[in-house]
Each structure stands twice: as structure tokens, then as C-alpha cells.
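K.L.:
no sequence on this one, just coordinates:
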Ligand code: SF4
């Protein structure tokens, strides 16, 4: 049988992109401009800014740091030179620095990380290194904020490129959520029912600004990750009649559906329309209000891609991240967090075939790490997370060499008025013990169908 997925030996998405733009590969990319240095996209006039604990749409204090122009020595250095400079700086700094690399980071950055994982695993890993004075977080802005929330006051969290945000996190800003909350209070009131349950419990996905984690902390709400969303929703329903879930509609819908909540009781809240674009009756009947947010990477996965994978590989196991649209999750064999996907591959017998619906850097790395399996991305077009891609070895070398010279640049520091309630919301999440039915929902999502 002819298939379109040859074995992967080079995990580098960047190398694949370079071959595409030079015409040496027949592959295609949704964003060939990513083959350029990110500094070309980070000109001061267009570089997004992130305030302390803010999403991109929040008003930023004047003193908010902006990404400065990367010195030429880093922009023109070769890949080999950058790797040598990073290694040398890291050696000089020793225990004083810890480098965290998200699963979706480019391979050229991940190879220098002390820990590789998802955003929450990394924030906790940083907590386990209190001796490190600097935490260099190779991920996106909300992840560095979370690391700052969980680290000590003496530790500086550094984001190598301040333009590295998350387009999904930016889809919910504090003003819009507060405006939504006021409208919901007007409809539902503020009094608990006769079982003591609040009218609405706000739940924010980890992929949100610290400002929104603070919002849920102040309003009796909680944070969730893609690993514990079912248990967190159960926690919320013990305390509330309904849930406002932001920013990712897909994680909210996929999780609530697996728990048996009907789709007609999950209206979408569009922040640009009165009542989120719903009627009063629809909202009165709602169980989960889903914010109109999504991940631009995971929304590219389609049922047609799954059908094609099944035609080419009849034994394929299709596993997708729950940020994917509901029809894709329904058509897959299993769905779960990045950690779930990695563990599924680790546990599979040699010779297994996986079609994966998550970010391409992780998929390529897994394909190279587990040559005993056939592993490929559902989406044949190379389409990395473009904001995560803003972290380049040039920026990593720069922040490390600045540290060697005694300077902390690009520090992410969440102010205490935001950090204190945000920590409350995170601590509530950490205290959640999954009930049997939540564990069952997670297993249903995670198990082979
Ligand atoms: S992959 Fe999606 S959710 Fe993750 S950082 Fe990129 S845009 Fe945000």
C-alpha cells in the first residue's frame, strides 16, 4: 500500500520549513514566513505587548515591558554558534538558572531545556527548583505568568521573547469577561438556590491570562487543565447551578458532552454581542456557557483527515487533543492532554501506528523518539503554533548571556492584586480530587473506543 507518511528521523520542524521555502521539499506550510527569524515579525510597531497579568486585549500600563530589538550578534549567528553560546552560558550559570521547554516548542530550543512538559507540569517543575534564581520559560506568556505565580519571590521568571503569546488566551480579556459576568448576574441574580449553589461558577482554562485566573479566584471559581477538566467541572457543579467556561469552547464542550450535558444546554457566548448572541430563554436553560475562544492550531484538525488516515492505515490509532473541535474528538479513537498522548505512545506495543491531532513540534519529536512506531500528524500541512514559534535559540542565547552579565531581561512579574486571587483559583484546582464519575469521563475520553 502507498502511504503519504514516511518515517521521521529529523524532529526539527524548523528544518522542514527551511526545505519547504527553498523548494527542496514538496511539503507545504500554512505559514512559510516562520522560516524567517521571528525578529522580522517582532518590529516594535507590531509586537504585541502583555501587561503584568494581562491578555493582549487588556489595557497595558505605560511601564509594561515591550520586546526590545534583538542585538544583531544574535540575529546573524549560525545555528551551531547559537547552540554553543547557549550551552556555555548555561554552564556558567549552573544551578542559578533552570530552562523550561513546552512540548510545542521548536526542537532547537527544547534540546536545551532542563524540563520538557505541558504548561502546568513545567510550572510545578520550576517550583521544585527553589535554588534557581532565574526560570527561563520557553513557552508563551500565560505559562510564564503561571510559573511566576507558583515560584518564590526571589525567583525571576523570564520569557525569552515578549511577543510569544497565545492567540486562544488573548480571545478572553478581563473587560469582556467582567461585562459577560454583569449580564449573567442580571439574568440569574446573585443568590444561591435552596441547595446553596451559586447561580454561576466561572472556570478558566490554564491557557488564560493571570487576570482571568484572578477573576475566577475572586468569584468562587477555579482553573482547569486539559487533564483535569472533568473533575473540575464536577467540583463546579457541586457549588453552582451552571458554569461559565473560558476561553476554549472546544475543551469545554468536549468535556461537558462526555459528562452527559446536552449540547442545547451549552450556548456559545460571543463577547461582541448582547447576551453573548443568545436569547434570555436559552441562557436560563444553560448548564455550561462556552466562551467563543479556540486554538488556531487544534481547530485545523478535521474528520476528513481522520478518514484519510484510516484509509491509508487500517490499524491506525487516532488520538487528538481536546482543544480540537467536537466532531474530530468524536471521530478519534481517543482524546486527551499532551501528557496523555505521550503516555499512550510510550505504552503502545512496537509497530503501532498513531495519527495525532496536536501541535506539529510534539508530533515530529515523538515520531523521531519512537522509531518502532509509525507516528504522523493528522494535518499534512506543517502548521506550528506561530506564537510559540516566536521563541528562537537567538532569544534564548540573548536572555542567558544577559543573565551571565548580571542583567535580568524580559521578566514576567504578576502584581500581587492579581496574583493573590489567581493563586486561590490554582489552589482550588490542586485540591480537586476526581470523583469516580469524573475519572470515568476522563477514561472515556482517553480510552480506545
Ligand atoms: S497551541 Fe494553541 S493554545 Fe497552545 S499556545 Fe498555541 S495558540 Fe495557544
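P.N.:
Received it, and whenever you're ready, just let me know what you need. As the structure is a prediction and not an experimental result, all values here were calculated from the model.
K.L.:
do a quick rundown of the helices in the stretch 251-400 of the chain.
P.N.:
280-284, 303-312, 326-331, 338-347, 360-369, 393-404 (DSSP state H, counting those that start in this stretch).
K.L.:
could you dump those helices to a markdown table with mean neighbour count, mean pLDDT and distance to residue 92?
P.N.:
(C-beta placed from N, C-alpha, C; glycine too.) Output for those, formatted as a markdown table (neighbours: other CB atoms under 10 Å; pLDDT from 0 to 100; distance: least, CB to CB, whole Å):
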| stretch | mean neighbour count | mean pLDDT | distance to residue 92 |
| --- | --- | --- | --- |
| helix 280-284 | 13 | 97 | 58 |
| helix 303-312 | 16 | 98 | 46 |
| helix 326-331 | 19 | 98 | 46 |
| helix 338-347 | 17 | 96 | 32 |
| helix 360-369 | 22 | 96 | 28 |
| helix 393-404 | 24 | 98 | 5 |
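K.L.:
how far away is residue 342 from the ligand?
P.N.:
As judged by CB to the nearest ligand atom, to the nearest Å, residue 342 and the ligand stand 16 Å apart.
K.L.:
so what's that residue closest to, chain neighbours aside?
P.N.:
In space, residue 342 comes closest to residue 366 once its chain neighbours are excluded; the distance is 6.9 Å by CB to CB, 6 or more residues apart in numbering.
K.L.:
thinking again about what came up before, mind putting the helices of the stretch 251-400 of the chain in a markdown table, distance to residue 231 included?
P.N.:
Putting these into a markdown table (distance: least, CB to CB, whole Å) gives the following:
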| stretch | distance to residue 231 |
| --- | --- |
| helix 280-284 | 26 |
| helix 303-312 | 27 |
| helix 326-331 | 18 |
| helix 338-347 | 14 |
| helix 360-369 | 24 |
| helix 393-404 | 35 |
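K.L.:
which parts of the stretch 101-250 of the chain are strands?
P.N.:
Using DSSP state E, counting those that start in this stretch, the strands of the stretch 101-250 of the chain run over 115-117, 134-138, 156-158, 201-205, 222-224, 243-246.
K.L.:
redo these as JSON lines? Include distance to the ligand.
P.N.:
Compiled in JSON lines, the strands of the stretch 101-250 of the chain are given as follows (distance: least, CB to the nearest ligand atom, whole Å):
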{"stretch": "strand 115-117", "distance to the ligand": "13"}
{"stretch": "strand 134-138", "distance to the ligand": "12"}
{"stretch": "strand 156-158", "distance to the ligand": "17"}
{"stretch": "strand 201-205", "distance to the ligand": "9"}
{"stretch": "strand 222-224", "distance to the ligand": "14"}
{"stretch": "strand 243-246", "distance to the ligand": "13"}
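K.L.:
save the ones you listed as TSV, and put in mean pLDDT too.
P.N.:
Formatted as TSV, the strands of the stretch 101-250 of the chain follow (pLDDT from 0 to 100):
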stretch	mean pLDDT
strand 115-117	95
strand 134-138	97
strand 156-158	96
strand 201-205	98
strand 222-224	97
strand 243-246	98
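K.L.:
any chance of those strands in JSON lines, plus mean neighbour count?
P.N.:
JSON lines is the format used below for these (neighbours: other CB atoms under 10 Å):
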{"stretch": "strand 115-117", "mean neighbour count": "19"}
{"stretch": "strand 134-138", "mean neighbour count": "28"}
{"stretch": "strand 156-158", "mean neighbour count": "24"}
{"stretch": "strand 201-205", "mean neighbour count": "27"}
{"stretch": "strand 222-224", "mean neighbour count": "27"}
{"stretch": "strand 243-246", "mean neighbour count": "28"}
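K.L.:
now stretch 289-308: buried residues?
P.N.:
289-298, 300-302, 305-306 (16 or more other CB atoms under 10 Å).
K.L.:
same check on stretch 315-323?
P.N.:
Quick answer for stretch 315-323 (16+ other CB under 10 Å): 316-323.
K.L.:
from those residues, which land in strands?
P.N.:
Of these, the ones assigned to strands by DSSP state E are 317-320.
K.L.:
farthest-apart pair in those, please.
P.N.:
The distance between the two most remote of these (CB to CB) is 10.8 Å, for 317 and 320.
K.L.:
please enumerate the shared neighbours of the two.
P.N.:
Common contact partners of residue 317 and residue 320 (CB atoms under 8 Å, 6 or more residues apart in numbering): residue 334.
K.L.:
which ones are touching whatever residue of the stretch 201-350 of the chain ends up closest to the ligand?
P.N.:
Nearest residue of the stretch 201-350 of the chain to the ligand (CB to the nearest ligand atom) works out as residue 295 at 3.3 Å. The contact partners of residue 295, by CB under 8 Å, 6+ apart, come to 167-168, 207, 248, 250, 323.
K.L.:
again, 7 Å this time
P.N.:
Residue 295 sits next to 168, 248, 323 when contact means CB atoms under 7 Å, 6 or more residues apart in numbering.
K.L.:
for the nearest residue to the first one once chain neighbours are set aside, what are phi and psi?
P.N.:
To tie it back to what came earlier, the one meant is residue 168. Spatial nearest neighbour of residue 168, chain neighbours left out: residue 295 (4.7 Å); criterion: CB to CB, 6+ apart. Backbone torsions of residue 295, given as degrees, to the nearest 10, read phi -100, psi 120.
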